[in-house]
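*Asks:* would you be able to build a 3D model of this:
(one chain, ligands or ions: 2)
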Amino acid sequence: MGPDGRGAVLTGDRALLSVAQMAVADRLTVAGGTPVPVLMGAAGSAVARIIADRWSPGRVAVLCGPGDNGGDGFVVARRLAEAGWDVQLSLLGAPDRLTGAAAHNAALWTGPVAPLSPAVLEGATLIVDALFGAGLNRAPDRRVAALLAAAAAQAPIVAIDVPSGVMGDTGADLGAVAASLTITFFRKKPGHVLLPGRTLCGETVVADIGIAPSVLDRIAPQTWENGPDLWRDALPLLHPTGHKYTRGHALVWGGYPMTGAARLATRAAARAGAGLTSVAVPPQALPIYATALTSIMVRPVTGAEDLAALLSDGRITAHLIGPGAGVGDATRSTALAMLATGRAVVLDADALTSFAGDPAALDRAITGPCVMTPHDGEFARLWDTTGDKLHRARAAAARSGAVIVLKGADTVIAAPDGRAIVNTNAPPTLATAGSGDVLAGLVLGLLAQGMDAFDAAAAAVWMHGDAASRFGPGLIADDLPGLLPAVLRGLSA
Ligand SMILES: NC(=O)C1=CN([C@@H]2O[C@H](COP(=O)(O)OP(=O)(O)OC[C@H]3O[C@@H](n4cnc5c(N)ncnc54)[C@H](OP(=O)(O)O)[C@@H]3O)[C@@H](O)[C@H]2O)[C@H](O)CC1
Ligand SMILES: [K+]
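*Replies:* Ligands and ions are numbered 1, 2, ... in the order given. A predicted model of the protein is given here:
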């Protein structure tokens, strides 16, 4: 951190700002008395400070673009040269085309400005990518792409704001190369956490450049990066006087012959803290479930009357159907019966696919708290897949009235009111059979205890990732429920 306290690496506050919202933050800061050239100076100085903290002086190639991202690059070049670095700066476009703060800071650079070419990479031990940032609006042309590829082969790349070629709002890759480190300002954008942007950024660091957090009151962000501080206070606490019914009763619809999925989900629901967990099964599956489950009650259900009697038990506070349920009318009608209770319902896997092509049936039936947990394939069978992941999940949540958990290595949790959370702690080991069944069970277990659907979904997704990270390589879904006590201890520490 510099003497003025600027350039500090910001932690905390998980809000994600769109490119347009970031521009509002800039404008409010300028309106508050910080001229843009000063803001750019703070940005470039913060980048230089963070670089100097990590690398010892050497030859650095600074690749500047035609806009303010390039302007940041001129500040970085000046600051590193002042600190004794051998700086080779090159610019895309003519210097006299620079305008505003970029022109101002380019004028303060007293070294040579070479035209953009691979020659500037000669001998460089570090590259600064100041070509494009928030203003990227098309794929970099072949010449720029070739230069970036050469740069990546030459030395580590430090990207300013975003790696050139990554779309800030979506993380889409328009021809970027991977950076080792990306330094952005004030808050991350969705492109820093959605894939492939997150991967292309390498490590992402957020620098304080003097923008006051109070601007967030005006911006009112609706998107966050997932983490316990978003929902920890909403986690069901163990009330000393609580008995099993105050911790809710979770009901799982048990499939047959694919019984493993429902068993994983019931274990996860119980481990998430549901006071009572039971699984409703067809009579022929009773012996399989009964021998496999001990503290979890197994309820044989034969026919619609039996089901209606079971669902009429007001002590059941949350339902899950989908894992191993089978695709077809039976699953569809059971899901509709659960939704008709008006109590919390989780729809996953086969329960989603049973409504393929008929999302309106779900829109009509969802009247109470509901969380749907599709992967991309299940999502595509139900809803419109145009647009980026945040847009798609938000649209499905808005139309259905349910919380949508659109799964992946960058799972998006979207609420009907437009709020959305991007999850970033899922290790690749979670791509294993049954992992989704456990996640659905975790959501169920938290809903059963009365947690709000959006909070429960975000917490469950994070816990799921944390459990897997604690286990490491060799993970199978069966390992996950047993890891919840450690996850919960970590959350209550
Ligand atoms: N957010 C902050 O607090 C601050 C951010 N800063 C930096 O400002 C940039 C954003 O600057 P901007 O000028 O809006 O945009 P870029 O510099 O990213 O892009 C410049 C122009 O480049 C053209 N463009 C876009 N894509 C391409 C392409 N693929 N090939 C060629 N040219 C391209 C485009 O202009 P056109 O007229 O050609 O469309 C862009 O406008 C932000 O990222 C931060 O680094 C401030 O410096 C400090 C505060
Ligand atoms: K950049």
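
*Asks:* contacts for stretch 378-391 next, please.
*Replies:* 169-172, 190, 194, 223, 349, 352-353, 355-357, 359, 362, 374, 376, 392, 395-396, 399, 406, 408, 410, 412, 414, 420, 422 (CB atoms under 8 Å, 6 or more residues apart in numbering). All C-beta spots, glycine's among them, are computed from the backbone N, C-alpha and C.

*Asks:* quick check: which of those are also close to ligand 1?
*Replies:* Among these, no residue sits close to ligand 1 (CB under 6 Å from any ligand atom).

*Asks:* show me which of those residues are buried.
*Replies:* Buried members of those, scored by 16 or more other CB atoms under 10 Å, are 169-172, 190, 194, 223, 349, 352-353, 355, 359, 362, 374, 392, 395-396, 399, 406, 408, 410, 412, 414, 420, 422.

*Asks:* number of nearby residues for the residue in the stretch 351-493 of the chain positioned nearest to ligand 2?
*Replies:* Proximity of the stretch 351-493 of the chain to ligand 2 (CB to the ion) peaks at Asp388, 19.7 Å away. Residues near Asp388, counting by other CB atoms under 10 Å, number 17.

*Asks:* where does the protein have low pLDDT?
*Replies:* Residues of the chain meeting the criterion pLDDT under 70: 1-12, 238-245.

*Asks:* how about the residues of it near ligand 1?
*Replies:* Contact residues, the chain versus ligand 1 (CB under 6 Å from any ligand atom): 22, 26, 39-40, 43, 65-72, 132-141, 160-161, 185-186, 209.

*Asks:* again, 5 Å this time
*Replies:* Contact residues (CB under 5 Å from any ligand atom) of the chain with ligand 1: 22, 26, 39-40, 43, 66-69, 72, 132-138, 140, 161, 185.

*Asks:* got the contact list for stretch 282-291?
*Replies:* So stretch 282-291 is in contact with 254-257, 259, 262-263, 279, 281, 298, 300-302, going by CB under 8 Å, 6+ apart.

*Asks:* before we move on, what about stretch 15-34?
*Replies:* 36, 39, 134, 168-169, 185-190, 192-193, 210-212, 215-216, 218-219, 221, 223-225, 422.

*Asks:* any idea how far the residue of the stretch 351-493 of the chain closest to ligand 2 is from ligand 1?
*Replies:* Look at Asp388 and ligand 1: by CB to the nearest ligand atom, to the nearest Å, they are 18 Å apart.

*Asks:* and the most centrally placed residue in the chain, what are its bridge partners?
*Replies:* Geometric centre of the chain, nearest residue: Val422, 2.0 Å, by CA atoms, centre = their mean. Under DSSP bridges, the beta-bridge partners of Val422 are Glu225, Val412.

*Asks:* same deal with Cys64?
*Replies:* Cys64 has these beta-bridge partners by DSSP bridges: Leu91, Ala130.

*Asks:* need the contact list for it.
*Replies:* Neighbour list for Cys64: Gly70, Gly71, Gly73, Phe74, Ala77, Leu89, Ser90, Leu91, Leu92, Ala106, Ala130, Leu131 [criterion: CB under 8 Å, 6+ apart].

*Asks:* tally of neighbours for the fourth one?
*Replies:* Right, Phe74. Residues near Phe74, counting by other CB under 10 Å, number 30.

*Asks:* make sure I have this right: it is in a strand.
*Replies:* No - secondary structure of Phe74 (DSSP: H, G, I helix; E, B strand; the rest coil): helix, not part of a strand.

*Asks:* against Trp224, how distant is it?
*Replies:* As judged by CB to CB, to the nearest Å, Phe74 and Trp224 stand 33 Å apart.

*Asks:* with the third one instead?
*Replies:* Using CB to CB, we find Gly73 at a distance of 30 Å from Trp224.

*Asks:* swap in Ala349?
*Replies:* In this view, Ala349 and Trp224 are 27 Å apart by CB to CB.

*Asks:* what packs against the helix or strand encompassing Ala46?
*Replies:* Secondary structure from DSSP states H and E places Ala46 in helix 36-54. Applying 3 or more CB pairs under 8 Å, 6 or more residues apart in numbering; DSSP states H and E, one finds that helix 36-54 contacts helix 19-31, helix 68-82, helix 100-107, strand 126-130, strand 157-160, strand 181-185, strand 203-207.

*Asks:* so can I have TSV of those showing distance to ligand 2?
*Replies:* Below are those laid out as TSV (distance: least, CB to the ion, whole Å):
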stretch	distance to ligand 2
helix 19-31	13
helix 68-82	5
helix 100-107	13
strand 126-130	5
strand 157-160	5
strand 181-185	8
strand 203-207	12
